[in-house]
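Trainee: sequence-free structure coming up:
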């Protein structure tokens, strides 16, 4: 009976993986298709990737996405690191409530967050554009950074920091020479996670983007409305590859950081 259950669970797991990733694999495969018709395979080609880099609108959207992702990730990492350190070292009267408020953007539906940010910017008479995109991306990615760094601080304990202070180090010296070096892999992992979330975001960006701040996901959405073409497949493949690479690097850094704790 146990063997049958294990086989059934294994089969179900593989079926779910195939269901999730088979469409992505087909999309990536047809990005190399010589024909513009996705239903017919007519040969291997790189021409759709070449045409992408010759498309000025694609390069502009890519530049907007990378610029917004870099700026928002740096700000989210700084704010998330500061928030995690503050939550550990300072006793707050309503700590659990503050934790819930900080983590709330993680569970709030993105369409609700995008709509609420749009209403906020409208009430404040803030023109929609790159600045509103950066503020929105910082808002939803900062809690993810804080979660990663807070987990590292909880595993690290306070023994090393207390030892440094017993030896005469000031709080600033302890932070600079002990705490930050120990959590630096988690900080980098949080930055990469924030960059990935910003680069891939569509729903929130759809609400707060201006006419001259089209990001890559918004540009892909505009192309899809006119029909799925090989250029869309190629652009989506590049975006997926970049996302997977960043997530893998962030996970490797997190595992390296976890192993350093046990050692």
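Mentor: Now that the structure is in, tell me what you want to look at. Every value quoted in this text rests on a predicted model; they were computed, and no experiment measured them.

Trainee: Below-threshold pLDDT in this structure: ranges please.
Mentor: 1-2, 38-39, 90-95, 227-229, 254, 256-263 (pLDDT under 70).

Trainee: so where do the helices sit in it?
Mentor: Listed in chain order, the helices of the chain (DSSP state H) span 2-30, 47-53, 56-89, 95-107, 110-123, 130-156, 159-166, 171-174, 180-200, 203-208, 216-224, 230-262.

Trainee: Give the buried residues for the fifth one.
Mentor: I take that to be helix 110-123. Buried residues in helix 110-123, counting neighbours by 16 or more other C-beta atoms under 10 Å, are found at 110, 113-114, 117-118, 121. In short, each C-beta sits where N, CA and C put it, glycine included.

Trainee: Need those in a markdown table (columns: distance to residue 77).
Mentor: Converted to a markdown table, these look like this (distance: C-beta to C-beta, whole Å):
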| residue | distance to residue 77 |
| --- | --- |
| 110 | 21 |
| 113 | 20 |
| 114 | 22 |
| 117 | 20 |
| 118 | 25 |
| 121 | 23 |
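
Trainee: So of these, which two are at opposite extremes in space?
Mentor: 110 and 121 (16.1 Å; C-beta to C-beta).

Trainee: what's residue 129 sitting at in phi/psi?
Mentor: Backbone dihedrals for residue 129, given as degrees, to the nearest 10, come out at phi 180, psi -150.

Trainee: so what's it closest to, chain neighbours aside?
Mentor: Nearest in space to residue 129, with sequence neighbours left out and distances taken as C-beta to C-beta, 6 or more residues apart in numbering, is residue 210 at 3.7 Å.

Trainee: per the record, what domains does the chain have?
Mentor: Structural domains assigned to the chain are 1-45, 51-261, following automatic domain parsing.

Trainee: Could you look over these and pick the most buried one?
Mentor: For the domains of the chain, the largest average neighbour count (mean count of other C-beta atoms under 10 Å) is found in domain 51-261, namely a mean of 17.

Trainee: next one: it to chain centre, how far?
Mentor: For domain 51-261, the separation from the chain centroid amounts to 6 Å (computed by C-alpha atoms, centre = their mean, to the nearest Å).

Trainee: roughly how far apart are the residue nearest to residue 129 and residue 40?
Mentor: 39 Å (C-beta to C-beta, to the nearest Å).

Trainee: With residue 147 instead?
Mentor: In terms of C-beta to C-beta, residue 147 sits 46 Å off from residue 40.

Trainee: what's the answer for residue 33, then?
Mentor: From residue 33 over to residue 40 the distance is 8 Å, taken as C-beta to C-beta.

Trainee: Same question for residue 219.
Mentor: In terms of C-beta to C-beta, residue 219 sits 26 Å off from residue 40.
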